[in-house]
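**Q** fold the following for me, if possible:
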Amino acid sequence: MTSSDPDASQIKPSWGATFKVYLEPPTLRMLTLGFSAGLPLLLVLGTLSFWLREAGIDRTTIGYLSWVGLAYAFKWVWAPLVDRMPLPLLTRWLGRRRSWLLLAQSAVMLGLVAMSFNDPKVALQPVVWGALAVAFGSATQDIALDAFRIESANADRQAALAAAYQTGYRLAMIWAGAGVLWIAARAEVPGAATYQHGAWQTAYLVMAASMLLGMLTVLLSPEPLARTLPPARNAAQWLRSALVEPFTDFLQRYQWHAALILGLIATYRISDIVMGIMANPFYVDMGYTKDEVAAVTKVFGVIMTLVGAFIGGVLSMRLGVMRVLMLGAVLSAASNLLFAWLGTRGHDVTALILVVSSDNLSSGIASAAFIAYLSSLTNVNYSATQYALFSSMMLLAPKFLAGYSGRFVDAFGYAHFFSATALLGVPVLLLVWLASRNRN
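**A** Predicted coordinates:
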């Protein structure tokens, strides 16, 4: 059975019923699990780049280190194992989805602890290995959590679950962004050097402890109704059912249209992802303090993303996913131009608030619609594998391209970089238009 097209519904819910969805238990669980999913991302990409730049690591190296995030782009490789393979003892105790969630969350916590005990200014490699452990654990958590979300509610609830997930995700980004910077600033020894590893160590240990919220939610949540899988007679049959069938199912359902869908998925978030790698080095180089960045970009900005995610979820249910997908694509590309303007303002906190507000509102709208769109494409019999394929393709090209962002900035400057990332979003508009015309 495939999930139904959100745009195909002929009966629109009342506004009261629409908002009531956000109080249902599956939606509330996605709020806290979204927090667990959102916490690691900045700690190995965004906030880590701030830490590295403050430690004196050059922009080109920081750009290359963003390739740690390619773990998210290749998670489809082990997604079939997460989808089908039981874990000894854990699966019998918790079920397939929750056992993988708990294992992945434990890996994230241990990786963060390892990062905290190493100073990148003294030895960068151990920090990178810790970041890789966090990234792989986080990517595995995403695989299991996406399947958990899709299997926890019907298709007409997916936009609301996506919005709740995004809300929890963005709250975690406040904590993993502003929280880290705030804790590190408070833990600094007054009068000592500008860069102090001990302050960052304290902050990352607190982040590791914060993963306990997601782990507790997993332990208290019900396992989605287990699907009965036909037993495999041999290894070849297991590999075919776990690896081949999820992909052939997608190709059979969408045929030639599959290429258009995959092209849209691969490029939809390219403007935001490529630009985001250099955002924190940009703030450091523009002279913004930890407290300013924490307050404006990591708190106020993320609140605007929450507003955008809520708006995107509601509009997707009321107007249809494809219309909101187009709106998000336009806004995401256009908002990058504001960063080029910000680079001409010097140390201007008011301008920073304006730019960050616009960018994060756009990102929230686009993300909620995009997650609902991806969810509508999956077959519930292969939900983990297919969704992992889609979300991995979303990251592969942007993350690879983002690795060269530091070199581009060093060669041409921030203004040209931000303008170039805006132009990357132009082809996306055509793909959204074509996909909406061929929507089944």
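
**Q** for the rest of this, base every contact and every neighbour count on C-alpha atoms.
**A** Noted.

**Q** ok, now which ones touch V218?
**A** L33, R98, L101, L102 (CA atoms under 8 Å, 6 or more residues apart in numbering).

**Q** would you mind confirming that the second one is in contact with E223?
**A** Yes - taking contact to mean CA atoms under 8 Å, the distance of 6.5 Å between R98 and E223 places them in contact.

**Q** looking at the two, which is more packed in?
**A** R98 (26 against 17; other CA atoms under 10 Å).

**Q** which phi and psi values does the more buried one adopt?
**A** For R98, the backbone dihedrals (degrees, to the nearest 10) come out as phi -70, psi -30.

**Q** nearest residue to it in space, please, no chain neighbours.
**A** Spatial nearest neighbour of R98, excluding adjacent residues (CA to CA, 6 or more residues apart in numbering): V218 at 6.0 Å.

**Q** Y387 versus that neighbour, what's the distance?
**A** 20 Å (CA to CA, to the nearest Å).

**Q** still on that earlier bit, may I see the PyMOL selection of the buried members of the contacts of V218?
**A** What follows is the PyMOL syntax for the buried subset of the contacts of V218, where burial is set by 16 or more other CA atoms under 10 Å:
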select buried, resi 33+98+101+102
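
**Q** kindly export the helix or strand hosting E245 (C-alpha atoms) in CSV.
**A** Element membership for E245 (DSSP states H and E) is helix 245-254. Provided in CSV are the C-alpha atoms of helix 245-254 (Å, rounded to 0.1, in the frame of the first residue of the first chain):
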residue,chain,number,x,y,z
GLU,A,245,12.7,-4.3,-3.8
PRO,A,246,12.5,-0.9,-2.1
PHE,A,247,14.1,0.8,-5.1
THR,A,248,12.3,-1.2,-7.8
ASP,A,249,9.0,-0.5,-6.1
PHE,A,250,9.7,3.2,-6.4
LEU,A,251,10.7,3.0,-10.0
GLN,A,252,7.7,0.8,-10.9
ARG,A,253,5.3,3.2,-9.3
TYR,A,254,6.6,6.4,-10.8
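
**Q** and that helix, what does it pack against?
**A** Packing partners of helix 245-254 (3 or more CA pairs under 8 Å, 6 or more residues apart in numbering; DSSP states H and E): helix 383-402.

**Q** I'd like the next helix or strand past the helix it packs on.
**A** Downstream of helix 383-402 (by DSSP H and E), the next one is helix 405-412.

**Q** so what's the gap between that following helix and the chain middle?
**A** 24 Å (CA atoms, centre = their mean, to the nearest Å).

**Q** other residues contacting that helix?
**A** R59, T60, T61, I62, G63, Y64, V274, M275, I277, M278, H416, F417.

**Q** would the fourth one count as being in a helix?
**A** Looking back up the chat, that one is I62. Yes - counting by DSSP: H, G, I helix; E, B strand; the rest coil, I62 falls inside a helix.

**Q** rewinding a little: tabulate the contacts of helix 405-412 (JSON lines), appending distance to G198 and pLDDT.
**A** Formatted as JSON lines, the contacts of helix 405-412 follow (distance: CA to CA, whole Å; pLDDT from 0 to 100):
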{"residue": "R59", "distance to G198": "23", "pLDDT": "90"}
{"residue": "T60", "distance to G198": "25", "pLDDT": "91"}
{"residue": "T61", "distance to G198": "23", "pLDDT": "91"}
{"residue": "I62", "distance to G198": "21", "pLDDT": "90"}
{"residue": "G63", "distance to G198": "24", "pLDDT": "90"}
{"residue": "Y64", "distance to G198": "25", "pLDDT": "91"}
{"residue": "V274", "distance to G198": "30", "pLDDT": "89"}
{"residue": "M275", "distance to G198": "29", "pLDDT": "89"}
{"residue": "I277", "distance to G198": "24", "pLDDT": "85"}
{"residue": "M278", "distance to G198": "25", "pLDDT": "89"}
{"residue": "H416", "distance to G198": "36", "pLDDT": "92"}
{"residue": "F417", "distance to G198": "33", "pLDDT": "93"}
